[in-house]
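S.K.: What follows is a predicted structure for the sequence shown.
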Amino acid sequence: MPVSRLSPADQAAVIAITGPWDGLRANTDGTAADVLHINGTWVLRQARQDAAAFDRETALLTRLAARLPPALAALLPVPKISGPGWHLCRHLPGVPSSRQSLAALSPQARGRFLNGFSTLLAAVHTSPEGDYAAATPHSPDQWASVRAEAEARLFPLLSPALAADLRAALAEIGASPLAMNGPALIHDDLHPAHILHDPATGALTGLLDFGRS
């Protein structure tokens, strides 16, 4: 990954925090940013194209961390320093979650993971209105449109039993007394690879990629 996109002054500011770059590992799998792991301790993220959206994510993470308890804020990739189209944050340990990695946990460890994840997600999703990283509204009308499209195009491909189960689950969600009464922050990209945990204890260790929040 090219580090030359940083100005000499910005690169010097990063090195002042990370120390000399003795160990580097690039990750270019993401769609919005290139990632450089530095010395196993730091992560330098640089926007690929949309620097403005990346900078909104940086601002969101900074404000969100200030509103969360320290133990929860430590689970987010909070920028240590940043500049236009880039930020530096601490490396979050753990392994990406998956059906296989969670199945390998003991029931107690799996419960620890679920408790930690639900606690963090509830705290993040009840952050005060207004801290949005991207313009991705999720209104009731939008969800109704998505559901109608699923009913027309997806459900006919399912078995009758599975389609009935999904309709029942959606009906329960729609009737939930926990429905939001107004706008709220939504992570919006809860891909298993973005949810990190300790494979030995099941403890949640990180929640990544808030670019679509």
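M.R.: That came in fine, so what should we check first?

S.K.: Which helix or strand contains Ala109?
M.R.: Secondary-structure element containing Ala109, defined by DSSP states H and E: helix 107-125.

S.K.: That helix packs against which elements?
M.R.: Applying 3 or more CB pairs under 8 Å, 6 or more residues apart in numbering; DSSP states H and E, one finds that helix 107-125 makes contact with helix 70-73, strand 195-197, strand 204-207. The C-beta positions use only the backbone N, C-alpha and C, and glycine is treated the same way.

S.K.: Next, the buried residues of it.
M.R.: Within helix 107-125, the residues scored as buried using 16 or more other CB atoms under 10 Å are Ala109, Arg112, Phe113, Gly116, Phe117, Leu120, Leu121, Ala123, Val124.

S.K.: Make CSV out of those and add pLDDT.
M.R.: Output for those, formatted as CSV (pLDDT from 0 to 100):
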residue, pLDDT
Ala109, 97
Arg112, 97
Phe113, 97
Gly116, 97
Phe117, 96
Leu120, 96
Leu121, 93
Ala123, 92
Val124, 90
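
S.K.: isn't Asn39 right next to Trp21, touching?
M.R.: Yes: here Asn39 reaches Trp21: they are 6.8 Å apart, a contact under CB atoms under 8 Å.

S.K.: show me where pLDDT drops low in this protein?
M.R.: 1-4, 128-139, 176-183 (pLDDT under 70).

S.K.: mind listing the strands in it by residue range?
M.R.: Per DSSP state E, the chain carries strands over the ranges 24-27, 33-38, 42-47, 79-83, 86-90, 95-96, 195-197, 204-207.

S.K.: quick one, which of those strands is nearest to Val14?
M.R.: Proximity to Val14 (CB to CB) singles out strand 86-90 among the strands of the chain, at 5.4 Å.

S.K.: helices or strands next to the closest one in the packing?
M.R.: Other helices and strands packing on strand 86-90, by 3+ CB pairs under 8 Å, 6+ apart, are helix 8-18, strand 42-47, helix 51-67, strand 79-83.

S.K.: for those, which one sits closest to Glu151?
M.R.: Among those, helix 51-67 sits nearest to Glu151 (CB to CB), with 31.9 Å.

S.K.: Which residues does that closest one contact?
M.R.: Residues from elsewhere that reach helix 51-67 (CB atoms under 8 Å, 6 or more residues apart in numbering): 32-33, 45, 47, 73, 76-79, 82, 84-87, 89, 124, 127-128, 131-134, 185, 210-211, 213.

S.K.: cool, stretch 152-163 as well?
M.R.: Leu166, Arg167.

S.K.: where does it sit relative to the chain's centre, distance-wise?
M.R.: Computed by CA atoms, centre = their mean, to the nearest Å, the chain-centroid distance of stretch 152-163 equals 30 Å.

S.K.: Span of it from start to end?
M.R.: Using CA to CA, to the nearest Å, the end-to-end distance of stretch 152-163 comes to 12 Å.

S.K.: Can you give me the buried ones in it?
M.R.: For stretch 152-163, burial by neighbour count (16+ other CB under 10 Å) applies to Ala163.

S.K.: Fine, thanks again, bye for now.
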